[in-house]
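# structure for this input, please:
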Amino acid sequence: MTASETGVDTQVPAAVVARGLTPLARIKAILGGSAGNLVEWYDWFAYSSFTLYFAKHFFPDDDETAQLMKSAAIFAVGFLARPVGAWLMGLYADRAGRRTALSVSVAMMCLGSFAIAILPDYSQIGAAAPLCLLLARLVQGLSIGGEYGASATYMSEMAGRSRRGFWSSFQFVTLIMGQLLALAVLIVLQHTMAQADLEAWGWRIPFAIGGVLAIVVFWIRTGLDESASFLAAKEAGAPRARTMLLFLDHPRETWMIFGLTAGGSLAFYAYTTYMQKFLVNTSGFTKDAATAITAGALIVYMFAQPLFGWISDHVGRRTTLTFAFAAGALATYPIMTALAATDSGVVAFLLATSLVLILSGYSAVSAVVKAELFPAHVRALGVALPYATANAIFGGTAEYVALWFKEEAKMESGFYIYVSVVMVVALLIALRLRDTNRHSRILED
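Now for the predicted structure:
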């Protein structure tokens with residue numbers, strides 16, 4: 001078997017390949033890397049969690065669905081910056097190091113969060129208000145675009161060969177935890193503030209919290225150890241990361257990541273971010289009830305990630321991906337239809353939870369399977385750019401497309417079909433994926 005078949009880069013010195021981390025050092029690296037990931041995603045999801053409260057301040061329209069559509073459009077536009085951030089930060093992480101890139105990304109998120117916290121609304125500066133909101137989301141989009149690739153790469157490289165699926169799954173644990181934290185802040189504010197105050201100015205609080213947390217994480221990240229994979233590639237004199245190198249040398253892997261991300265991201269935003277609005281706008285639940293149902297499902301989802309990551313270490317990433325996309329394609333239409341018709345909070349929770357448990361087969365391994373496909377000198381770029389591009393096209397537009405089917409096409413079930421079709425495409429790609437457990441390009445430990 002050749003080096004290219006096994007994924008071994010013969011340029012890497014044997015002494016570096018053999019170098020490993022102690023269990024304590026590994027845990028420290030995983031926790032250090034994931035803490036920043038949590039704050040980044042909290043800041044990102046705070047926007048969607050509080051949209052129901054601030055939309056009217058930037059889009060003074062009598063129709064709530066129209067307000068949500070305009071806010072969702074800015075949410076989608078923020079995603080357009082993510083491929084740019086992924087491209088720039090991916091190149092930077094492959095050239096300057098994972099740790100440095102992680103510090104820069106969280107600093108940018110800090111800037112975007114503080115900007116939203118202090119923005120004047122439409123009544124104060126008119127049409128400039130939604131424009132400033134858009135600019136702040138673009139900064140956050142650049143940040144989160146670079147964050148995913150750098151953190152997914154760093155945590156996968158630090159995870160260790162035998163439990164790489166388990167440890168790297170904490171990248172998505174902290175992603176979900178960030179979304180949960182945003183919902184938790186919302187729940188606390190809903191129960192401690194008068195409704196009028198929350199809608200008038202209380203929605204600014206979560207963005208201020210995010211800015212402060214980002215400052216703390218910036219300090220933490222400056223003390224992280226660099227990954228052995230990056231140091232090994234640098235020591236071996238690996239080629240300098242270039243964008244064309246990614247597409248010329250690794251076109252199959254690049255397009256496979258794009259396709260897998262298309263199905264996974266669309267389903268993720270349909271099952272989680274959009275679910276809160278869906279339960280209010282379609283099922284008829286109150287805002288408080290919808291928030292509680294969504295938070296409960298996310299808690300189960302979060303704890304499922306290490307389990308599915310551990311399973312992938314034993315049965316393979318391809319197996320868990322196949323399960324997620326096959327089951328998701330079959331279950332989305334009937335479960336979303338049932339959610340639209342139910343008025344029971346318990347039933348809604350069980351249905352929403354079943355969707356995110358299915359998706360766990362993808363999300364738990366989404367970071368590691370991408371990282372395992374690329375050699376170290378182009379890994380951060382390879383993980384980040386196709387992911388962010390597909391995420392912008394399919395994940396970032398999920399809410400808007402869902403609301404378009406409901407408001408414009410008058411056929412809400414069309415969105416369920418759309419999600420299922422994209423997941424079928426991802427399933428076909430997953431079936432052709434090589435078993436990265438046995439043919440990983442991550443060589444160290």
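# Q124 - how many residues pack around it?
10 (other Cβ atoms under 10 Å). In short, each C-beta sits where N, CA and C put it, glycine included.
# which pLDDT value goes with it?
pLDDT for Q124: 85.
# can you give me the buried ones in the helix or strand containing W44?
For W44, the host element (DSSP states H and E) is helix 23-49. Buried positions in helix 23-49, judged by neighbour count with 16 or more other Cβ atoms under 10 Å: 26, 28-30, 32-49.
# now L119. Nearest residue, chain neighbours left out?
Nearest in space to L119, with sequence neighbours left out and distances taken as Cβ to Cβ, 6 or more residues apart in numbering, is C132 at 5.3 Å.
# sorry, wrong one. I was asking about I209.
Nearest to I209 is V185, by Cβ to Cβ, 6+ apart, at 6.5 Å.
# spit out the contact partners of that neighbour.
Residues near V185 by Cβ atoms under 8 Å, 6 or more residues apart in numbering: 46, 49, 205-206, 209.
# close enough to count as contact, the residue nearest to L119 and I118?
No - the pair C132 and I118 fails to qualify as a contact (Cβ atoms under 8 Å) at a distance of 9.9 Å.
# looking at these two, which one has more neighbours?
Shown here are C132 and I118; by other Cβ under 10 Å, C132 has more neighbours (17 against 12).
# run the angle between the helix or strand the more buried one falls within and helix 23-49 for me.
Using DSSP H and E, C132 sits in helix 128-159. Angle of helix 128-159 versus helix 23-49, following axes from the mean of the first three to the mean of the last three Cα atoms, to 10 degrees, is 160 degrees.
# can you pull out the helices in the stretch 301-445 of the chain?
317-341, 345-363, 366-371, 379-390, 398-407, 413-431 (DSSP state H, counting those that start in this stretch).
# what's the fourth one packed up against?
Read that as helix 379-390. Applying 3 or more Cβ pairs under 8 Å, 6 or more residues apart in numbering; DSSP states H and E, one finds that helix 379-390 contacts helix 64-96, helix 128-159, helix 243-249, helix 251-268, helix 366-371.
# on that earlier part again, and the helix or strand that the helix holding W44 is followed by, what does it pack against?
Going down the chain from helix 23-49, the next helix or strand is helix 51-58, by DSSP H and E. Packed against helix 51-58, as judged by 3+ Cβ pairs under 8 Å, 6+ apart, are the following elements: helix 64-96, helix 122-125, helix 128-159, helix 195-200, helix 274-281.
# ok, back up a step: nearest to V139 among the helices of the stretch 301-445 of the chain would be which one?
Evaluated with Cβ to Cβ, these place helix 379-390 nearest to V139, the distance being 15.1 Å.
# surely T291 meets A182?
No - with contact defined as Cβ under 8 Å, T291 does not count as touching A182 (10.2 Å).
# picking up where we left off before, list the helices and strands the helix holding W44 packs on?
helix 64-96, helix 98-118, helix 128-159, helix 170-192, helix 205-221.
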